[in-house]
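# What shape does this take:
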Amino acid sequence: MPIRIPNDLPAQSILDAENIFVMDSEKASRQDIRPLEVGILNLMPNKIETEVQILRLMSNTPLQVNIDLIRIDNQAPKNTPKSHMDNFYLSFDEIAHKNYDGFIITGAPIAHLDYADVKYWDKITTIMDWTRRHVQSTLYSCWAAHAAFYHYYGFNRELRAEKLSGVFEHKVNDTHDELVRGFDPYFSAPHSRYGEIPLSRYEQVEGLKVLASSQQTGAYIVASEDKRTVLITGHPEYDPDTLDQEYHRDLANSQAPNVPQNYYQNNDPTQPFKVTWRAHGTLLFTNWLNYYVYQTTPYNLDELPSKK
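Here you go, the predicted model:
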């Protein structure tokens, strides 16, 4: 939890200058504690694997969080038992009346489809618009990040000739933004995508900040200045062997994939893979829950302001 200090303590200005979060007594006395309400719209075919990955990242915080798992339609996913969906997932219609402190929309393996050809495109845009009225802060991952950027700002993604796959070094561009608080100046994160949006597209949108990027991947962490929209173009939630599984899956499907970059020792897929991203992935989600959700959301969710 944040450091709580007396009002006007000289240490406050020093800690502020060092970008360390502190909470004075007056602010602390106004805060009531209740569980955060977070919805996860899971678009991935292997629902259980994605649930575990995301919930692991969200678990490293003392905050209480209530989770709703949400499905985009009633079609049975190929890699998840129907019983699991029936027992643990809600339809959007079942939660459309609710307000949430935080909401996550995952990626989806539909990179080569035009948005208009995505069978649930109308539904996903309805949900995106709904989040602006019902959610304090929404985090979009990978395909969903590109889809949200297109829907909200009109910039379409391009498709790479070859898949961007591997673990890449990124630079923190704004060390004083709470979402990257505690990050090393340079850190690693996995990417696995065909979609590509030039860095300059993000930089020309008023109200958006590119918090972390790299020469190889472009923008990685993008957030609105009001903290209500977060776009993550990579996969901080990936397990150590996820890129390895994707690589061998593509080999089995005769897709002739490139070896994921900076992942295997000596870039040799017969050797062990290196795991260099998990600490920063956890910190990213912890910071989002704390600074973008918990510190900004109203105690009474009925008072949630709409975002234009």
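# Quick one: the strands in the stretch 51-200 of the chain, in order.
Here the stretch 51-200 of the chain has its strands, by DSSP state E, counting those that start in this stretch, at 65-71, 89-91, 100-105, 135-141, 158-172, 186-196.
# any low-confidence regions in the protein?
1-33 (pLDDT under 70).
# Apply 80 and report the result again.
In the predicted model of the chain, residues 1-34, 59-64, 76-78, 111, 254-255, 307-308 satisfy pLDDT under 80.
# Switch the strands of the stretch 51-200 of the chain over to CSV; also include mean neighbour count and distance to residue 82.
Yep, even glycine has a C-beta here, placed from its N, CA and C like the rest. CSV is the format used below for the strands of the stretch 51-200 of the chain (neighbours: other CB atoms under 10 Å; distance: least, CB to CB, whole Å):
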stretch, mean neighbour count, distance to residue 82
strand 65-71, 18, 11
strand 89-91, 16, 10
strand 100-105, 25, 23
strand 135-141, 27, 25
strand 158-172, 17, 31
strand 186-196, 21, 27
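# Using CSV, lay out the ones you listed together with distance to residue 235.
Converted to CSV, the strands of the stretch 51-200 of the chain look like this (distance: least, CB to CB, whole Å):
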stretch, distance to residue 235
strand 65-71, 19
strand 89-91, 22
strand 100-105, 13
strand 135-141, 7
strand 158-172, 10
strand 186-196, 5
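# Would you map the helices across the stretch 1-150 of the chain?
11-17, 25-29, 47-58, 82-88, 92-95, 121-134, 143-153 (DSSP state H, counting those that start in this stretch).
# Revised request: answer the last question for the stretch 201-308 of the chain.
242-252, 278-287.
# Which one of those helices lies nearest to residue 197?
Nearest of the helices of the stretch 201-308 of the chain to residue 197, taken as CB to CB: helix 278-287 at 19.5 Å.
# Between strand 186-196 and that closest one, find me the angle.
80 degrees (axes from the mean of the first three to the mean of the last three CA atoms, to 10 degrees).
# Please tell me how far helix 278-287 is from the chain's geometric centre.
What separates the centre of helix 278-287 from the centre of its chain is 10 Å, taken as CA atoms, centre = their mean, to the nearest Å.
# Which elements pack onto that helix?
Where contact means 3 or more CB pairs under 8 Å, 6 or more residues apart in numbering; DSSP states H and E, helix 278-287 is packed against helix 47-58, strand 186-196.
# Let's see that with 10 Å instead.
helix 47-58, strand 186-196, strand 208-214, strand 229-232 (3 or more CB pairs under 10 Å, 6 or more residues apart in numbering; DSSP states H and E).
# what sits against residue 78?
45, 46 (CB atoms under 10 Å, 6 or more residues apart in numbering).
# Then residue 104?
38-42, 54, 57-58, 67, 70, 135, 137-141, 144, 230, 232, 237, 285, 288.
# Adding distance to residue 161, write the helices and strands packed on helix 278-287 out as TSV.
Shown next, in TSV, are the helices and strands packed on helix 278-287 (distance: least, CB to CB, whole Å):
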stretch	distance to residue 161
helix 47-58	27
strand 186-196	9
strand 208-214	19
strand 229-232	23
